[in-house]
Each structure stands twice: as structure tokens, then as C-alpha cells.
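1. here's my sequence, what's the structure:
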Amino acid sequence: IDKNYESFLKTRPRNWENDAITLMGSLSEKHSCKVHIVHLSSSAILPYLKEQKEKNPLLTVETCPHYLVLASEKIPPGKTLFKCCPPIREEDNRNALWNGVKEGIVDFIVSDHSPCTPNLKLMEQEDLEKAWGGISSLQFSLPLVWTEGRNQGLSPSDLVSLLCSKPAKLIGLDKQKGDLLPGMDADIVVWRPDKQFTITKEKILFKNKITPYEGRTVNGVIEKTFLGGKLIYENGLMPFGPFGKPILKDNQQEIKIKKFNDLENSEAIKEVFKCCSSQKWADSFIKKRPFITFKEIVKKSEDIWINLSNEDWLEAFKGHAKIGDLESLQKKYNQTKGWSQGEQKGIKETPLSVLKELKELNDVYEKKYGFIFIVCATGKSAEEMLEILKKRLHNNRSDELKIAMNEQNKITNIRLEKLLWEL
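-> Numbering: from 1, shown residues only. From the prediction side, this is the model:
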């Protein structure tokens with residue numbers, strides 16, 4: 001790679017990106033799973049994406065301002081500020097991407113804001129090979145996309161869809177973000193779409209004052225920004241302090257819990273039975289709905305579990321394969337095999353001698369206590385589980401049953417969280 005951007009571009013050819021997207025598209029279709037293509041830079045894959053999306057609604061696509069605004073032919077030699085991956089491609093590619101946006105093949109546009117300290121960009125050395133790859137564009141996404149988009153025939157309402165509504169919908173925040181409706185967050189931008197300004201270092205508000213857009217004149221001056229109804233920006237100043245807070249995890253969990261609360265009783269019992277194979281626990285747990293928080297879910301589950309009979313505990317234990325016996329798991333409990341394989345991850349690449357001893361001592365354990373060895377295997381290696389098994393073989397049955405009961409409770413809590421996120 002020399003100082004010419006073209007030399008860097010050649011190290012990231014379109015066909016690499018096309019092949020990766022084709023692979024993910026085929027896997028999405030084959031397994032009926034959601035796949036989101038990030039940072040689309042290659043227009044050559046648009047016909048494939050159009051065909052796939054017509055038959056597979058689980059496939060979504062985004063691109064970024066730099067792929068819609070910049071062109072590789074216009075990047076001066078040694079300008080590391082323009083380095084990103086995938087790379088900025090040619091002018092004809094840029095125009096074709098805009099067609100993909102207008103046709104709805106590309107669902108929305110995201111900033112892909114990737115800031116770094118100036119020294120990481122190696123601007124003085126003009127080293128495209130070793131420089132940090134990433135472009136800072138969050139602050140200027142709206143005017144950049146608007147300036148180019150209006151020339152492509154986009155309206156302000158199109159911008160709302162591409163920059164706000166559709167991204168919010170993808171991440172499950174469309175009841176809170178992305179629109180101005182009663183009950184939603186009052187996130188508002190006041191701007192003048194026809195007013196121009198030039199991007200300068202002095203106007204940059206993010207920490208490291210570097211951007212490839214410096215010196216570019218754009219349309220759309222932002223005058224005020226409100227976050228949740230609070231004024232946070234006005235005419236180039238942010239004097240009111242930070243009001244933002246993380247929302248994605250808590251919000252997603254709230255959505256998932258509501259979805260769980262709304263399940264029909266029979267369906268809900270079927271789902272939680274994957275977490276703990278005690279019918280009495282499952283029936284009693286579902287009667288405790290509706291839940292508000294995951295902490296409440298865990299508390300009510302545990303209250304029910306510890307007050308069940310020995311027979312109920314033993315019924316739940318039967319819902320497990322023996323530690324290390326993944327083949328048995330697949331045959332008997334297909335609906336939870338993915339979870340148990342993940343919980344027993346430490347088993348899969350274990351010496352045969354260890355597996356053999358695990359199996360032998362599992363048989364000894366079951367013969368002694370009348371139930372299989374139960375341990376919360378998440379994060380434990382096979383060797384660690386073998387040592388635990390050896391120590392527990394010295395317990396009397398009453399003590400061992402209580403230990404196994406507590407281990408099952410740990411497993412249930414882990415699986416309840418997995419259940420929510422997979423709904």
C-alpha cells in the first residue's frame with residue numbers, strides 16, 4: 001500500500017464484500033434468522049440483495065454517509081483521514097448506492113462514527129497502511145446526507161425514515177424513538193434545510209477534532225437539539241451538560257418481558273419448561289405473571305423452586321443429559337440442545353480420558369444417589385466439573401439433593417434470561 005488511496009482500495013475488493021454478504025444472505029434464508037448487513041459499500045451486490053429481500057424479510061441492510069458522499073477518485077494522496085473499512089469506493093459505485101437507497105434495497109443510513117486521536121491517523125506520515133481505519137461523522141450525518149440526498153430527489157420525510165424511524169425499528173425502539181407521537185421521547189432537531197455552512201475544525205464538537213469533511217460546504221444548519229424534551233444544543237453550543245443514558249439493554253428487556261407476559265398460558269408453560277423440567281414449577285411460575293423486571297422473574301422463580309417437593313426436583317433433574325453426554329442430549333431434548341451444548345461448552349474439546357472418567361463417575365453418582373449429577377456447567381471446563389463431581393460423591397443423599405437443587409436453580413436463571421432474549 002502506497003500513499004495513493006487506490007492502492008488501499010485494491011486490498012479490499014468488492015468481491016470480498018459481495019461473497020460475505022451472499023454467505024450471510026443464504027444462511028438467513030436457510031435458517032430463518034435475522035441478518036443485518038452493516039456498512040454496505042459495494043453497489044455490485046445490490047441486485048442480489050434486492051432479490052433476496054423480496055423473498056426474505058429477515059434480511060436488512062444499512063450504509064453510511066461516507067459511502068454516499070465521498071468518492072475514491074477525489075481523495076488526495078496520503079490523506080489517511082479518509083481511511084475506513086470497507087473502503088470508500090468509486091464515483092459510479094457511490095451513485096449506484098444512492099439508487100439502492102431510493103429503491104429501498106438499503107433500509108437506512110447510520111453514522112458509523114469511529115473517532116480516534118489524531119496520532120492514530122498518522123497524518124504526518126501519510127501512512128495509509130498503518131493508520132487507524134474509521135471516519136468521524138456523527139455530528140455531520142444529517143447535513144451530509146441531506147446535501148447529497150436532496151440532489152437525489154429525497155425529501156425531509158425520507159430523511160426521517162432513513163436516519164430515525166427505520167433504525168429505531170430494527171433495534172426495537174420504535175415505540176420510543178424515531179418519530180414524534182404522544183408517549184414517545186421528545187427527541188427533536190430544529191434545522192434550516194436551505195441554509196449552508198462550511199465544516200471547520202472550530203465547529204467540531206466531538207473530542208478529537210479531525211474529519212475528512214473539513215472544508216466541505218453543506219446544506220442544513222442545525223439550530224437546536226432536544227433530547228427527551230430537554231434542550232442540549234443551541235447554535236453551536238452545548239452548555240447544559242450531558243443528559244443521555246444507555247437505553248438499549250433495559251428497553252429491550254422490558255419489551256421481551258412484555259412479550260413473555262402476553263404469551264398464551266399453554267405456550268408460556270411450554271417455553272419455561274425448557275428452563276426447568278418440573279411441571280409444578282412451570283405451572284406455578286406462569287401463574288405469577290405479569291412480570292415487570294427480570295429481577296422479579298428470578299425472585300418468583302426461586303421462591304417457587306425452593307418450596308417444591310423432592311419429587312418435583314427429581315422431575316426437573318430428568319430434563320438434563322448427563323454432563324458430557326451430548327449425543328444423549330440431542331436425542332432426548334432437541335428443543336434445548338443448543339442451550340445445554342452452550343452450558344457444557346467446556347466438554348466439547350476435552351481429552352477422551354477425562355470424558356471417560358466423567359462418564360464412569362456419573363454412573364457411580366447416579367447409582368449412589370438415584371439421580372444424575374447436576375451442576376451449572378456454564379464457564380466450567382470438563383476438568384473442573386470432574387473435580388466437583390469427585391468432591392460431591394462424598395456427600396450424603398440429603399445434602400447432595402439440596403446442592404443439586406441449588407445448581408438447578410442457577411441453570412434455570414441462566415435459561416430464563418436466554419428464553420427472554422430469544423423470544
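2. how about the strands in the protein?
-> Remark: strands assigned in the chain by DSSP state E are 35-37, 59-63, 108-109, 188-198, 217-227, 230-234.
3. turn those into TSV, including mean pLDDT, mean neighbour count and distance to residue 85.
-> The C-beta positions use only the backbone N, C-alpha and C, and glycine is treated the same way. TSV is the format used below for the strands of the chain (pLDDT from 0 to 100; neighbours: other CB atoms under 10 Å; distance: least, CB to CB, whole Å):
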stretch	mean pLDDT	mean neighbour count	distance to residue 85
strand 35-37	97	18	15
strand 59-63	97	22	14
strand 108-109	98	22	18
strand 188-198	96	13	28
strand 217-227	96	17	24
strand 230-234	90	16	30
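4. and residue 386, which of these is closest to it?
-> strand 35-37 (38.9 Å; CB to CB).
5. does the closest one pack against any helices or strands, and if so which?
-> helix 14-31, strand 59-63 (3 or more CB pairs under 8 Å, 6 or more residues apart in numbering; DSSP states H and E).
6. for residue 278, which of the strands of the chain is the nearest?
-> Comparing the strands of the chain by CB to CB, strand 35-37 comes nearest, at 36.2 Å.
7. so what are the sheet partners of that closest one and their directions?
-> Note on strand 35-37: by DSSP bridges, its sheet partners are strand 59-63 (parallel).
8. ok and the strand it pairs with relative to helix 14-31, angle-wise?
-> Computed with axes from the mean of the first three to the mean of the last three CA atoms, to 10 degrees, the direction of strand 59-63 lies at 150 degrees from that of helix 14-31.
9. now strand 59-63, how far from the centre of its chain.
-> Relative to its parent chain, strand 59-63 has a centroid offset of 14 Å by CA atoms, centre = their mean, to the nearest Å.
10. cool, stretch 291-305 as well?
-> Distance of stretch 291-305 from its chain centroid, counting by CA atoms, centre = their mean, is 25 Å.
11. stretch 44-58 now?
-> In terms of CA atoms, centre = their mean, the centre of stretch 44-58 is set 21 Å apart from its chain centre.
12. run through who's touching it.
-> Stretch 44-58 is contacted from outside by 14-15, 17-18, 21-22, 25, 28-29, 32-35, 37, 59, 61, 93, 96-97, 99-100, 103, 105, using CB atoms under 8 Å, 6 or more residues apart in numbering.
13. just the buried residues of those.
-> Buried subset of those (neighbour count, 16 or more other CB atoms under 10 Å): 14, 17-18, 21, 25, 28, 35, 37, 59, 61, 93, 97, 100, 105.
14. could I get those residues in a markdown table, plus columns for distance to residue 372?
-> Formatted as a markdown table, those follow (distance: CB to CB, whole Å):
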| residue | distance to residue 372 |
| --- | --- |
| 14 | 54 |
| 17 | 49 |
| 18 | 49 |
| 21 | 45 |
| 25 | 42 |
| 28 | 38 |
| 35 | 38 |
| 37 | 44 |
| 59 | 42 |
| 61 | 47 |
| 93 | 59 |
| 97 | 57 |
| 100 | 55 |
| 105 | 52 |
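15. which two from these end up farthest apart in space?
-> Largest separation among those by CB to CB: 28 and 93, giving 24.1 Å.
16. correct me if wrong: residue 91 contacts residue 75.
-> No. Using CB atoms under 8 Å, residue 91 is not in contact with residue 75, being 11.2 Å away.
17. the more surrounded of the two?
-> residue 75 (21 against 12; other CB atoms under 10 Å).
18. test my guess that the more buried one contacts residue 8.
-> No. Look at residue 75 against residue 8 with CB under 8 Å: they stay out of range, at 9.3 Å.
19. what's near enough to touch the residue nearest to residue 375 when sequence neighbours are not counted?
-> Nearest residue to residue 375, sequence neighbours excluded (CB to CB, 6 or more residues apart in numbering): residue 407, at 5.2 Å. Shown in contact with residue 407 (CB under 8 Å, 6+ apart): 374-376.
20. now do the lengthiest helix in the chain: distance to the chain's middle.
-> The longest helix of the chain (DSSP state H) is helix 397-422. The chain centre lies 26 Å from the centre of helix 397-422; the measure is CA atoms, centre = their mean.
21. quick check: buried residues in that helix?
-> Neighbour counts over helix 397-422 (16+ other CB under 10 Å) mark 400-401, 404-405, 407-409, 411-420 as buried.
22. just the helices in the stretch 51-200 of the chain please.
-> Counting by DSSP state H, counting those that start in this stretch, the stretch 51-200 of the chain has helices at residues 65-69, 91-102, 141-151, 156-160, 166-170.
23. so for residue 263, which of the ones you listed sits nearest?
-> That would be helix 166-170 among the helices of the stretch 51-200 of the chain, by CB to CB, at 22.3 Å.
24. mean confidence for the closest one?
-> Mean per-residue pLDDT for helix 166-170: 94.
25. what is that helix packed up against?
-> Packing partners of helix 166-170 (3+ CB pairs under 8 Å, 6+ apart): strand 108-109.
26. how about residue 30, what does it touch?
-> No contacts exist for residue 30 under CB under 8 Å, 6+ apart.
27. let me know the pLDDT of it.
-> pLDDT, residue 30: 90.
28. against residue 314, how distant is it?
-> Taking CB to CB, to the nearest Å as the criterion, residue 30 is separated from residue 314 by 40 Å.
29. please apply the same query to residue 86.
-> 56 Å.
30. returning to that earlier point: redo the strands of the chain as TSV? Include distance to residue 253.
-> Converted to TSV, the strands of the chain look like this (distance: least, CB to CB, whole Å):
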stretch	distance to residue 253
strand 35-37	20
strand 59-63	22
strand 108-109	24
strand 188-198	27
strand 217-227	22
strand 230-234	24
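31. residue 352: which of those strands is closest?
-> Checking the strands of the chain against residue 352 by CB to CB gives strand 35-37 as the closest, at 37.1 Å.
32. on that earlier part again, comparing the helices of the stretch 51-200 of the chain, which comes out most buried?
-> Among the helices of the stretch 51-200 of the chain, ranked by average contacts under mean count of other CB atoms under 10 Å, first place goes to helix 65-69 (a mean of 24).
33. ok, now which ones touch the closest residue to residue 37 other than its chain neighbours?
-> Of all residues not flanking residue 37 in the chain, residue 61 sits nearest, at 4.5 Å (CB to CB, 6+ apart). Residues near residue 61 by CB under 8 Å, 6+ apart: 36-37, 40, 49, 53, 105-107.
34. and for residue 203?
-> 197, 236.
35. could you do residue 369 as well?
-> Taking CB under 8 Å, 6+ apart, one finds 397, 400-401 in contact with residue 369.
36. same question for residue 395.
-> residue 403.
37. how much space separates it from residue 316?
-> Residue 395 is 19 Å from residue 316, by CB to CB.
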